[in-house]
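>>> Show me how the following folds:
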Amino acid sequence: MPRPVKSAPPSVEAPSKTQRKKDMHSLQALGETLCALPDDQLGQLDLPEALRDALAECSRITRHEARRRHMQYIGKLMREVDPEPIRAQLDRWETGTRANKAAFKASERWRERLITEPDALAEFAAAEPEVDREALARLIAEARTQAARGAAPAAARQVFRVVYRALCKL
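Residues are numbered from 1 along each chain as shown. Just a heads-up that it's a prediction; the model follows:
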């Protein structure tokens, strides 16, 4: 009896079981990230209604096993959605958050330097020429006076706001 001839493998191979599981876990992790988002950010994403409902339900589930199963369900629903636009939007939000944090920290450092170092105003004005130098100088003088008296740092907060707006280009 002749042996059956094996056909050539198809040119496009299906992903392995390991790869499929990695993809499913990745989608489930993305679903967990979506569960943690506030409603206003979820509203900005183009998600199917069933996935939106499942994400809303997720916050009400507190028991461990029920939550685990629900996250698997969300992962299943995520298979019907193209995850790349969602990941791109999450990256844009995260980049904006990182930039805001960096500007916030830089503003704090500049505020401290402006209040404690007499030459810092010239350096800041050179780095940020659009800032109103005279108004900032008045705020710095007032902040120094308040700090010397031990009063509430209202002027120091205003210095921070001016510096933050200048660094964020608001």
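
>>> so where is the protein shaky, pLDDT-wise?
Along the chain, segments meeting pLDDT under 70 span 1-12, 170.

>>> Could you break it into its assigned domains?
Segmentation of the chain into domains, based on automatic domain parsing, reads 17-81, 97-168.

>>> Specify the next element, helix or strand, located C-terminal of the helix or strand hosting Glu84.
Per DSSP states H and E: Glu84 is located in helix 83-116. Downstream of helix 83-116, the first helix or strand assigned by DSSP H and E is helix 120-127.

>>> Flag every buried residue along that following helix.
120-121, 124-125 (16 or more other CB atoms under 10 Å). The C-beta positions use only the backbone N, C-alpha and C, and glycine is treated the same way.

>>> ok now the helix or strand just after it, how far from the chain's centre?
Under the assignment DSSP H and E, the closest C-terminal helix or strand after helix 120-127 is helix 133-149. Counting by CA atoms, centre = their mean, to the nearest Å, helix 133-149 is centred 34 Å from the centre of its parent chain.

>>> Check the burial of Ile74 by counting its neighbours.
A count of nearby residues for Ile74, using other CB atoms under 10 Å, gives 22.

>>> Pull the contacting residues for it.
Neighbour list for Ile74: 28, 31-32, 34-35, 51, 54-55, 58 [criterion: CB atoms under 8 Å, 6 or more residues apart in numbering].

>>> List just the nearest of those residues to Ala102.
Nearest to Ala102 among those is Leu34, at 25.5 Å by CB to CB.

>>> Tell me, how many residues neighbour the nearest residue to the closest one once chain neighbours are set aside?
Once flanking residues are discounted, Leu34 sits nearest to Leu55: 5.5 Å by CB to CB, 6 or more residues apart in numbering. If you count neighbours by other CB under 10 Å, Leu55 ends up with 21.
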